[in-house]
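Participant: Okay, predicted coordinates and the sequence, questions at the end:
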Amino acid sequence: MPNHFLGVEGATVSFGQRDAQVRALRDVSQFFERGTLSLVMGPSGSGKTTLLSLLGCLLTPDEGTVFVDGVAINGLSEAERTALRQKKISFVFQAFRLFHSLSAIDNVALGFELRDPTLAGRMELARDLLVRFGLGEKINREPSELSPGEKQRVAIARALAGNPPILLADEPTAALDAEAGRKICQILRSQVDDDGRTVVVVTHDPRWQEFADCTINLCDGQVKQGEKIQ
C-alpha cells in the first residue's frame, strides 16, 4: 500500500472544452515520501506544474484523489482546503513574488503574519531565518537591491515562516546562475536533512539531480518512470 502522506491517486486533469480540450494529467498515481526531496521533471507541457498545483491544493482533479499530510482533500470544503494549505504547505516560485516596497525582513515577517496574525516576535523570527540563509547583513534591503539568488533566498525564508511540513518549488533555480542555483539546491536539501520537511521541486535544471532522493519523469501527462537516486 502506498504511503499516502502526499500524492495523487488516479488523478486526471483537463483544461478547455470539446475540440480545444487538453488533458494535462492522465490517470496519474504518484506519492512522495515524508522527509524527502523529490524532483518532477519532463518537457514543457508534460503536466509538471499541474501536478504541483494538485499537491498544493490550488487545483482539484476531474477524477482521482489528492492526499496532503495523509488527508484526502477531495472531501473537504473550500474553506477547509484553504486552512490545510495555509498550515501545511508553502510555495517557492521562479519569479520570487516578493513585495517590492518591503524590505527583506518585512517580506519574511509578512509570511509569519499571514499564517498566524496573533504570533508575537515575527521580526525576530524573520531575522533568524534570513541569518540562517546568509542574509544577515541585507535584512533591511528591498528586493531591487538584492541579486536574483538573494531574492530567492528571501522567498524561501518567507515560505518557511510558520514551519510548514511541505515545501513545493516550481523552477526555483531557472533564473539563477550556477553559484546561486547551487546555493538554493543546498538550502532546500537542508530543509529535508535538518528539519524533516518534504520538498517537491518541479525543474528542468540538471543541477538538482545530486540533491534529490527521487526523480519523477512526466511526459504527456503521464508518469514515465520513477527512480531512486543513490
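Facilitator: Okay, I see it.

Participant: What is the longest helix along the chain packed up against?
Facilitator: What stands out as the longest helix in the chain, according to DSSP state H, is helix 178-193. Helix 178-193 sits against strand 37-41, helix 148-159, strand 166-170, strand 198-202, with contacts defined as 3 or more Cβ pairs under 8 Å, 6 or more residues apart in numbering; DSSP states H and E. All C-beta atoms are positioned from the backbone trio N, CA, C, and that covers glycine.

Participant: Dump those into a markdown table; add distance to residue 91, mean pLDDT and mean neighbour count as well.
Facilitator: Shown next, in a markdown table, are those (distance: least, Cβ to Cβ, whole Å; pLDDT from 0 to 100; neighbours: other Cβ atoms under 10 Å):
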| stretch | distance to residue 91 | mean pLDDT | mean neighbour count |
| --- | --- | --- | --- |
| strand 37-41 | 14 | 96 | 24 |
| helix 148-159 | 6 | 94 | 24 |
| strand 166-170 | 5 | 96 | 24 |
| strand 198-202 | 10 | 96 | 25 |
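
Participant: any chance of these in TSV, plus distance to residue 125?
Facilitator: TSV is the format used below for these (distance: least, Cβ to Cβ, whole Å):
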stretch	distance to residue 125
strand 37-41	24
helix 148-159	10
strand 166-170	17
strand 198-202	21
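
Participant: got the CA positions of the longest helix of the chain in PDB?
Facilitator: C-alpha atoms of helix 178-193 as PDB (Å, rounded to 0.1, in the frame of the first residue of the first chain):
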ATOM      1  CA  ALA A 178      25.500  28.400 -11.400                       C
ATOM      2  CA  GLU A 179      26.700  29.500  -8.000                       C
ATOM      3  CA  ALA A 180      23.300  31.000  -6.900                       C
ATOM      4  CA  GLY A 181      21.400  28.000  -8.200                       C
ATOM      5  CA  ARG A 182      23.600  25.600  -6.300                       C
ATOM      6  CA  LYS A 183      23.100  27.600  -3.100                       C
ATOM      7  CA  ILE A 184      19.300  27.200  -3.500                       C
ATOM      8  CA  CYS A 185      19.700  23.400  -4.100                       C
ATOM      9  CA  GLN A 186      21.700  23.200  -0.800                       C
ATOM     10  CA  ILE A 187      19.200  25.300   1.100                       C
ATOM     11  CA  LEU A 188      16.300  23.100   0.100                       C
ATOM     12  CA  ARG A 189      18.200  19.900   0.700                       C
ATOM     13  CA  SER A 190      18.900  21.200   4.200                       C
ATOM     14  CA  GLN A 191      15.200  21.600   4.800                       C
ATOM     15  CA  VAL A 192      14.900  17.800   4.400                       C
ATOM     16  CA  ASP A 193      18.100  16.800   6.300                       C
END
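
Participant: Among the helices and strands packed on helix 178-193, which comes closest to residue 68?
Facilitator: strand 166-170 (7.1 Å; Cβ to Cβ).

Participant: now the angle between helix 148-159 and the closest one, please.
Facilitator: 150 degrees (axes from the mean of the first three to the mean of the last three Cα atoms, to 10 degrees).

Participant: Each with direction, which strands does strand 166-170 pair with?
Facilitator: strand 89-93 (parallel), strand 198-202 (parallel) (DSSP bridges).

Participant: That strand vs helix 178-193, what angle?
Facilitator: Using the same axes, to 10 degrees, strand 166-170 lies at 160 degrees relative to helix 178-193.

Participant: Contacts for strand 166-170, please.
Facilitator: 6, 49, 52, 55-56, 68-69, 88-94, 159-160, 188, 191, 197-203 (Cβ atoms under 8 Å, 6 or more residues apart in numbering).
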